[in-house]
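Asker: with the input below, show me the fold.
(2 chains)
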Amino acid sequence: MQIKIKEKLFLQQLKWRTRPSLIRRHLQRKRFWFTRNCRKLTRRNIKVGATQVLAKLYHNPLDYADEMYRHVQRAAAAGVQLLAFPENNSLQLLGLFPGVQALLEKQASGRPSREELLHFAAPFINRVALQVFACLSKAFGIYIMAGSSPYPEGKIIRNRSFLFGPDGMQLGQQDKVHLMPLEQSWGFSAGERFSIIETPLGRLAMPICMDASFFETFRSLEQQGAEIVIVPIANTEPYNFWLALRGIWPRVQESTVYGLKSALVGELLGFTLTGRAGVFAPLELTPDRDGVLCEARHFDREALLTAVLDLEALAELRRNHPYLGDANPSFSQKYFPAAYSLKLKDPQD
Amino acid sequence: MNFAGCDFRQRQGFLEYIYSHVKPAAGNEPFLLVFPAHLALLYAFHRGDLGAASDFGQAVSAFLELPPGWQDHYLELHSYIARRLQAYLVPGTVLKTEEGQIYHEAWLISDKGEVRGSQRQLFLSREERELGWSRGDTAASFSTALGKLGIIIGTDAWYPEVGRVLALQGTEILCHCGALAAGENKWRQLAGSWQQVQQNQFFCVESQLVAALPGRAWGAPSLIHAPCEMTAGFTGILAGDTETGAYTNYLEASLNKEARRAVIRNYPLLKLLNPAFCRYPDSLSAEEEHANKN
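Answerer: Got it, this is the predicted structure:
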């Protein structure tokens, strides 16, 4: 009985602490200026930003709001029209739950599983995160990809990214389709398709982290017409240039799109996260012909990377690429259905 | 091998170039040798078989006019090399006409000198399309004493579909016959075979041509690739120089199949590919078309 009362009180307190009106009012008290960044959009000149966020567990949702505000304000002041936040950006709000780190790290019988914890916590942290980014995108008048969140859907949990428009409305979402074994062990379920979001900025897509390990992700998006692909990451691997090169960079080269990588770095929930946020382009569209427009210098510090994208130059390159753009339908139709069936039988065993 | 400085004019000069550089494996270890793309074209040109071709297009046209016996002779020469070196050999590429279509093709010759199969280029560059070449429609994986081998030719390196189909057939070693235009190629090569290796976890022996024809110069370092986790510094390069792009006439490495299997056991990348999603759009369209018809 006593436990039930405690639980009820705790839930009431959580609801009160994460109520949208509290977040809204808190952010409205800040010094905002509605930027003109997205007033005039030209496909020749799209300014994008990728954040590298230093992870922290927030015990107070308003501190999280302040920190996200700081990142957005900095980007907006730099003229950014589309800003990307990292994978698991809202997981930093797990600090709202006392003792959560210990519960997640040390699983034991009688304790809630990680999956149960996420099911319980996700509605609250999403309530905060989505409200924060709806407010910030509207207040600054820019497009914001809020990063990803654990998102319960009935009995399952997705790793889902969200895009907000300059009017504060949610424009689209994307579930992570390829899960790491760690995520599977935490009870996440994979999405089943990739989609693009049409915006006045261009055709955007936002697959998540591991999704960029497979060419199929970007090929699907390219065939749907994607121009800018945002990949939020939260990588638990020790940083190495070559290991990190295996994600978004080759995918951008194979599929002739622009790529934004936003990264969560530092210590979170017992993991050391590394990565270098950046903006990537086909070799032919980068000054040093290396496929990189800008990239963070450090893999463990906060950063904001900005670059200007020329979607007309991208379209022109696609039309005239010396090596890419060919198709071989008879090859694809001959092999792909069967090849993926073979895959299910573990060709590497 | 890159054939820089090779004297193609006499058969003997060509053989001596190969024998002077290639160091066959000790004992009876299986041995694989890969030559670069357009080697037959270069061989024919320097022997004077292509007349006064003044550019690449003319050289190709003249090559396609060679008598049928020419390619038999070229194949016989490489069968001899394979027997002599007791090596599985991918002797670069030839251009071949069949039913009025032009194909860019490579053979796999066994250590006994027998042709084990061939592979046609599957995706074409803009120039190749303009020259009227046709695409093959088959990607074969050949079982050999070395393991399962696949071949990719030129532009195919930038089409990850090719590596994926071969990987899903169980290919363990990819043989890449390349001929990149001379210049800064580091990032272009990394966007090619390197990425194919990293997303499929097989080995790749990338042989690049260093030579010239009138109006055309090729030059890029050959590389031997492996999954990052089994290379020093995680570079994904077992042999070859991506940093300076320096050429080596001959490049070699031992491919540790057990180490590769350990990498895959630890990080089974293809098993993480989501089968719910990986219905390739082309095949999906075909299926949908079929469904609509019914």
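Asker: my read is that residue A:309 contacts residue A:257, right?
Answerer: No: applying C-beta atoms under 8 Å as the test, residue A:309 and residue A:257 come out as separate, 10.1 Å apart. C-beta coordinates here come from the backbone N, C-alpha and C atoms, glycine included.
Asker: tell me the pLDDT at residue A:342?
Answerer: Residue A:342 carries a pLDDT score of 62 in this model.
Asker: so residue A:245 touches residue B:190, yeah?
Answerer: Yes: here residue A:245 lies in contact with residue B:190, judged by C-beta under 8 Å, at a distance of 7.3 Å.
Asker: who touches the helix or strand hosting residue B:128?
Answerer: Assigned by DSSP states H and E, residue B:128 falls within helix B:126-130. Under the criterion C-beta atoms under 8 Å, 6 or more residues apart in numbering or on different chains, residues A:320, A:321, A:322, A:323, A:325, A:326, B:104, B:121, B:154, B:155 lie in contact with helix B:126-130.
Asker: could you flag which of those are buried?
Answerer: A:321, A:323, A:326, B:104, B:121, B:154, B:155 (16 or more other C-beta atoms under 10 Å in any protein chain shown).
Asker: which residues do residue A:309 and residue A:257 both contact?
Answerer: residue A:228.
Asker: still on that earlier bit, pLDDT on the helix holding residue B:128, on average?
Answerer: The model assigns helix B:126-130 a mean pLDDT of 96.
Asker: count the neighbours of residue A:246 for me.
Answerer: Residue A:246: 22 surrounding residues under other C-beta atoms under 10 Å in any protein chain shown.
Asker: ugh, wrong one, residue B:67
Answerer: 9.
Asker: residues contacting it?
Answerer: Residue B:67 neighbours (C-beta under 8 Å, 6+ apart): none.
Asker: how close does it sit to chain A?
Answerer: Using C-beta to the nearest C-beta, to the nearest Å, we find residue B:67 at a distance of 31 Å from chain A.
Asker: then residue B:223?
Answerer: Taken as C-beta to the nearest C-beta, the span from residue B:223 to chain A is 13 Å.
Asker: what's the closest non-adjacent residue to that residue?
Answerer: residue B:240 (3.6 Å; C-beta to C-beta, 6 or more residues apart in numbering or on different chains).
Asker: surely that neighbour and residue B:252 touch.
Answerer: No: Residue B:240 is beyond contact range of residue B:252, at 10.2 Å (criterion: C-beta under 8 Å).
Asker: and the helix holding residue B:128, how far from the chain's centre?
Answerer: Put simply, helix B:126-130 sits 19 Å off its chain's centre (C-alpha atoms, centre = their mean, to the nearest Å).
Asker: thinking again about what came up before, for the residue nearest to residue B:223, what are its contacts?
Answerer: B:206, B:221, B:222, B:223, B:224, B:248, B:251 are the contacts of residue B:240 under C-beta under 8 Å, 6+ apart.
Asker: where along the chain do the strands fall?
Answerer: Using chain A here. Taking DSSP state E as the test, the strands found in chain A are A:46-54, A:82-84, A:143-153, A:156-164, A:170-175, A:197-199, A:202-205, A:228-233, A:258-268, A:271-273, A:278-280, A:292-295, A:303-309.
Asker: that's the wrong chain, I meant chain B
Answerer: B:32-35, B:88-91, B:93-98, B:101-109, B:115-120, B:141-144, B:147-153, B:173-178, B:203-208, B:211-213, B:216-218, B:223-225, B:237-239.
Asker: list the contacts of the fifth one.
Answerer: Residues from elsewhere that reach strand B:115-120 (C-beta under 8 Å, 6+ apart): B:75, B:79, B:88, B:103-110, B:135-140, B:142, B:144, B:150-153.
Asker: what do you get if the cut-off is 6 Å, keeping everything else the same?
Answerer: B:103, B:105, B:106, B:107, B:108, B:109, B:110, B:136, B:140, B:142, B:151 (C-beta atoms under 6 Å, 6 or more residues apart in numbering or on different chains).
Asker: got the angle for the longest helix along chain B vs strand B:93-98?
Answerer: Across chain B, the longest stretch assigned as helix under DSSP state H is helix B:68-85. Put simply, helix B:68-85 runs at 140 degrees to strand B:93-98, going by axes from the mean of the first three to the mean of the last three C-alpha atoms, to 10 degrees.
Asker: so which bits of helix B:68-85 are buried?
Answerer: Buried residues in helix B:68-85 (16+ other C-beta under 10 Å): B:70, B:71, B:74, B:75, B:77, B:78, B:79, B:81, B:82, B:83, B:85.
Asker: got CSV for the residues you listed, with distance to residue A:46 too?
Answerer: Putting these into CSV (distance: C-beta to C-beta, whole Å) gives the following:
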residue, distance to residue A:46
B:70, 54
B:71, 52
B:74, 52
B:75, 54
B:77, 56
B:78, 52
B:79, 57
B:81, 55
B:82, 54
B:83, 60
B:85, 55
